[in-house]
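Student: Sharing a model that was predicted from the sequence below.
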Amino acid sequence: MRVLLVGPHWRAGWTESTRDALLALGCEVQVFYYNQTAGRQAASRTRAYLAQKFAGVALQTPNPLRQLLWMLNGRQLHTQLIAAVRAAQPELVLVLKGETILPATLRAIKHPAGAPLLAAWYSDNPFVFNERDPYWLVPYGLPAYDHSFVFDRGYFPHLTARGARRITFLPCACDPALYHPAPAEVARHSGLASTICFIGTFTPARGVMLAGMGGLENIAIWGPGWQPTLKQLRGKLASNIFRGEGLPPAQVSLAYQAASIVINTHGPQTRLGGLNTRAFEVPACGAFQLMDYVPEMEPLLEPGHDVAVYRTPQEAGAVAREYLADPEARQRIARQGHARVLAEHTYRHRMQTLLAAL
């Protein structure tokens, strides 16, 4: 099958991992990065400058400015994406997220006779940005798609109400080419070793979780927005807990393996079975994961077998202490989780499901 993959270009590698899985399944794949227009690149450079200038602070672009930028970007994107479709002559146009694509662009892709199948895969709340800024476009483009795939079953009613025609549950995944066990000595001497490791953006619930870790040694956190909370917790946690704004995937993998416990917490976008990518990437590395319980997660990862879970942010510290005292349990769960994700939860598995559903 000829596929035009329309996705974002970012450090996490979602588009590239999806591309590689489709290629492995025998598809011909061309990639179009929808966030690489001149307008988006200028906005990204500005945001990167501000993030560096105000390190540790979570920044939000004012809504009026965001609306203007996205209107201009959408017009640029329309011309470039339609040209890419005409050049590639695909049988399938697969959009990953696609939050900046104009509904008119989607309709134009479907307009000519012999138009390709048009599908979308959402690994986040499709409506999250419309809740704070009505210019974001996903809900208005849903009727144009032949098939919508979403990582969480909780969005099915909302997608249907907005005109989505066919909807299939398609969870997040891991890429074993990026997240895989390294020799123990490499992880140990990576300079990333910790007792408790967390990589992610600050949220209030994550702050509560961290507060419960007081007294534990060698906690390591990477991610934006943590500095104000860490100042409040000064004296309860070591001063060197914050290690940086982020890590590239190769180092993330090593940080997971070099930790006794990797903490994973989900945001409000997770409702029913919507495990995030970290839920699969941590076991793919062979690391031990302690995550918040997600309703209906059992068909994907079994608590106590593939992962350890806590029920509330306040409980996380106590559960972490229990597992720190039981290295055999950590090793067993890490081993079982690793086998599970490689058998069921790679991008190749997801693309097999997607192609079979079309």
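Tutor: Nice, I can see it. Residues are numbered from 1 along each chain as shown.
Student: before we move on, which element is Ser190 in?
Tutor: When elements are defined using DSSP states H and E, Ser190 is found to belong to no helix and no strand.
Student: What count of nearby residues applies to it?
Tutor: Applying other C-beta atoms under 10 Å, we find 16 residues neighbouring Ser190. Backbone N, C-alpha and C define where each C-beta goes, glycine included.
Student: what's the answer for Trp121, then?
Tutor: Residues lying near Trp121 (other C-beta under 10 Å) number 23.
Student: Then His189?
Tutor: 12.
Student: Check Ala104 too.
Tutor: That count, for Ala104 with other C-beta under 10 Å as the rule, works out to 15.
Student: Apart from its neighbours in sequence, what residue is nearest it?
Tutor: Of all residues not flanking Ala104 in the chain, His78 sits nearest, at 6.8 Å (C-beta to C-beta, 6 or more residues apart in numbering).
Student: where along the stretch 101-250 of the chain do the helices fall?
Tutor: Ranges of helices within the stretch 101-250 of the chain are 103-110, 138-141, 156-161, 184-188, 204-211, 227-232, 249-257, based on DSSP state H, counting those that start in this stretch.
Student: Which positions in the fourth one come out as buried?
Tutor: I take that to be helix 184-188. For helix 184-188, the neighbour count (16 or more other C-beta atoms under 10 Å) marks Ala187 as buried.
Student: same check, this time on the fifth one
Tutor: Taking 16+ other C-beta under 10 Å as the neighbour-count basis, helix 204-211 is seen to contain the buried residues 205-211.
Student: Just the mean pLDDT for stretch 207-217, thanks.
Tutor: In this model, stretch 207-217 carries a mean pLDDT of 91.
Student: Please shift the residue numbers so they start at 754 in all later answers.
Tutor: Let's use 754 as the start, then, which means that last one is stretch 960-970.
Student: Turn the buried residues of helix 957-964 into JSON lines, columns for distance to Lys863.
Tutor: Supplementary listing: the buried residues of helix 957-964 in JSON lines, determined by distance: C-beta to C-beta, whole Å:
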{"residue": "Ala958", "distance to Lys863": "40"}
{"residue": "Arg959", "distance to Lys863": "41"}
{"residue": "Gly960", "distance to Lys863": "45"}
{"residue": "Val961", "distance to Lys863": "46"}
{"residue": "Met962", "distance to Lys863": "45"}
{"residue": "Leu963", "distance to Lys863": "47"}
{"residue": "Ala964", "distance to Lys863": "50"}
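Student: The residues you listed: which two are farthest apart?
Tutor: Pairwise distances across these (C-beta to C-beta) peak at 10.8 Å, for the pair Ala958 and Ala964.
Student: any idea how far Ala1008 is from the nearest residue to Gln1042 once chain neighbours are set aside?
Tutor: Spatial nearest neighbour of Gln1042, chain neighbours left out: Val1035 (4.1 Å); criterion: C-beta to C-beta, 6+ apart. From Val1035 across to Ala1008, the span is 10 Å (C-beta to C-beta, to the nearest Å).
Student: One more: Ala868?
Tutor: 45 Å.
Student: neighbour-wise, which of Val1035 and Ala1008 wins?
Tutor: Neighbour comparison, Val1035 and Ala1008: the larger count goes to Val1035, with 31 against 25 (by other C-beta under 10 Å).
Student: now for the strand or helix carrying that one, which elements pack on it?
Tutor: Element membership of Val1035, judged by DSSP H and E, is helix 1030-1037. Here helix 1030-1037 touches helix 1002-1010, strand 1012-1017, strand 1042-1045, helix 1080-1097, going by 3 or more C-beta pairs under 8 Å, 6 or more residues apart in numbering; DSSP states H and E.
Student: isn't Leu963 right up against Ile974?
Tutor: Yes - at 7.4 Å, Leu963 and Ile974 qualify as touching, with contact defined as C-beta atoms under 8 Å.
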